[in-house]
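Visitor: The following block contains a protein sequence and its predicted model.
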Amino acid sequence: MKNVLRTLVFDKQVSLTLADTTETVREALRLHKLSDASAILLGKALSAMTFTSACLKETRGEISLSLQCDGACGSMGVSGNRSLKLRGYIENTALMGGADESAYFGRNGAITIIRDDGYRRPFVGTCALPDRGGLDEAFEAYYKTSEQLPTRLKTVVCLNEKGECDFAGVAALQPLPFADENALQQAAEAPLESVLQTLREKGLEEAVNARFTPDKSVWELRTAQYKCNCSREYLSRVLVTLGEEELRKIIEEDGSVKVHCHYCNADYEFTEEDADGLFAGS
Ligand SMILES: [Zn+2]
């Protein structure tokens with residue numbers, strides 16, 4: 001199902017991204033056993049990164065978020081690519097408390113965004129977590145300081161009493177470089193929370209049409225999903241880079257090499273027999 005829509009609004013001067021991230025968050029909750037507070041935090045990060053991934057221009061593009069803080073949240077990581085495959089993890093899967101995210105971030109923390117378009121050196125931007133506000137405000141601060149793009153971003157994750165995700169979404173407005181005062185003002189005042197509410201009730205296209213006067217010359221509908229890119233083949237290639245001697249030493253000591261993927265909780269095991277196969281002919 002198409003769940004990401006990008007278009008231009010406010011006299012073609014501001015790009016609007018609207019995404020229904022419910023399925024992505026549901027898959028994250030299926031893979032990770034999370035408390036409600038942890039689920040909301042990771043779900044918001046996945047939603048925000050659905051927006052950043054949708055902004056990637058190169059087909060090989062990848063973008064990742066790393067959040068580090070001295071609060072209860074610990075670290076959190078989310079990655080996405082141009083084909084809108086998202087994956088993520090949160091260190092503390094058992095956060096307890098209310099909806100005030102900033103309470104989980106402690107006193108010191110930062111988000112780092114690494115954007116890799118596959119050609120040049122990756123762009124790395126870091127921004128301290130703001131004193132007030134949660135993840136949305138952290139992303140807005142990041143865009144303002146690291147990319148000099150005054151971006152408005154709002155994410156929402158709604159869980160039911162059973163802890164299941166009823167709805168999740170993101171709405172983002174990013175003025176183009178030539179945007180005039182009037183467009184900037186309209187972007188600053190747009191009620192993104194109620195746009196998300198309309199998205200929940202009426203779906204993507206209706207939400208955009210009901211809330212904005214979009215310029216349909218740009219009308220990009222795509223599908224985002226939670227999908228890890230780990231595989232036995234990929235890990236085999238990584239293990240080969242360790243070198244035969246090192247790999248066989250670990251297998252001798254531990255019986256096998258075990259690799260855990262924290263994005264999807266898959267476990268891989270490589271035995272002596274696998275090592276024989278990996279280094280056959282070398
Ligand atoms: Zn994985």
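Guide: Alright, I've got the coordinates.

Visitor: Give me the neighbour count for Lys18.
Guide: No, residue 18 isn't Lys; it's Leu. 27 (other Cβ atoms under 10 Å). Yep, even glycine has a C-beta here, placed from its N, CA and C like the rest.

Visitor: who's in contact with it?
Guide: Neighbouring residues of Leu18 by Cβ atoms under 8 Å, 6 or more residues apart in numbering: 4-6, 169-172, 195, 199, 204, 207-208.

Visitor: In a markdown table: those residues, plus pLDDT and neighbour count.
Guide: Formatted as a markdown table, the contacts of Leu18 follow (pLDDT from 0 to 100; neighbours: other Cβ atoms under 10 Å):
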| residue | pLDDT | neighbour count |
| --- | --- | --- |
| Val4 | 98 | 21 |
| Leu5 | 98 | 22 |
| Arg6 | 97 | 21 |
| Gly169 | 98 | 27 |
| Val170 | 98 | 30 |
| Ala171 | 98 | 27 |
| Ala172 | 98 | 27 |
| Val195 | 97 | 21 |
| Leu199 | 98 | 26 |
| Leu204 | 96 | 19 |
| Ala207 | 96 | 23 |
| Val208 | 96 | 24 |
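
Visitor: near the ion, from these?
Guide: Near the ion, judged by Cβ under 5 Å from the ion, there are no entries from the contacts of Leu18.

Visitor: Can you lay out these as a markdown table showing secondary structure and distance to Thr223?
Guide: Below are the contacts of Leu18 laid out as a markdown table (DSSP: H, G, I helix; E, B strand; the rest coil; distance: Cβ to Cβ, whole Å):
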| residue | secondary structure | distance to Thr223 |
| --- | --- | --- |
| Val4 | strand | 7 |
| Leu5 | strand | 11 |
| Arg6 | strand | 13 |
| Gly169 | strand | 15 |
| Val170 | strand | 15 |
| Ala171 | strand | 18 |
| Ala172 | strand | 18 |
| Val195 | helix | 20 |
| Leu199 | helix | 16 |
| Leu204 | helix | 11 |
| Ala207 | helix | 17 |
| Val208 | helix | 17 |
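
Visitor: which one of these sits closest to Asp20?
Guide: Of all the contacts of Leu18, Asp20 sits closest to Gly169, with 5.2 Å by Cβ to Cβ.

Visitor: ok, the closest one touching Thr155?
Guide: Yes. Assessed by Cβ atoms under 8 Å, Gly169 is found in contact with Thr155 at 7.2 Å.

Visitor: residue ranges with poor pLDDT in the stretch 151-282 of the chain?
Guide: Within the stretch 151-282 of the chain, the segments meeting pLDDT under 70 span 281-282.

Visitor: what does it have sitting close to the ion?
Guide: 228, 230, 261, 263-264, 266.

Visitor: List the contacts of Asn182.
Guide: When contacts are counted by Cβ under 8 Å, 6+ apart, Asn182 touches 10-11.

Visitor: Wasn't it part of a helix?
Guide: Yes. Assigned with DSSP: H, G, I helix; E, B strand; the rest coil, Asn182 falls within a helix.

Visitor: Secondary structure element holding Thr17?
Guide: In this assignment (DSSP states H and E), Thr17 forms part of strand 14-20.

Visitor: What's the local residue count around Lys2?
Guide: Using other Cβ under 10 Å, Lys2 is surrounded by 14 other residues.

Visitor: if I look at the closest residue to it other than its chain neighbours, how far off is Asn3?
Guide: Among residues not flanking Lys2 along the chain, Leu221 sits closest, at 4.3 Å (Cβ to Cβ, 6 or more residues apart in numbering). Distance of Leu221 to Asn3, computed by Cβ to Cβ, to the nearest Å: 9 Å.

Visitor: shared neighbours, these two?
Guide: Listed as contacting both Leu221 and Asn3 by Cβ under 8 Å, 6+ apart are Leu204.

Visitor: Please list all residues in contact with Glu23.
Guide: Contacts of Glu23 by Cβ under 8 Å, 6+ apart are 1, 3, 225-226.

Visitor: Can you flag which of those belong to strands?
Guide: Among those, the members falling in strands (DSSP state E) are 225-226.

Visitor: The ion: which of the contacts of Glu23 is nearest?
Guide: Tyr226 (10.6 Å; Cβ to the ion).
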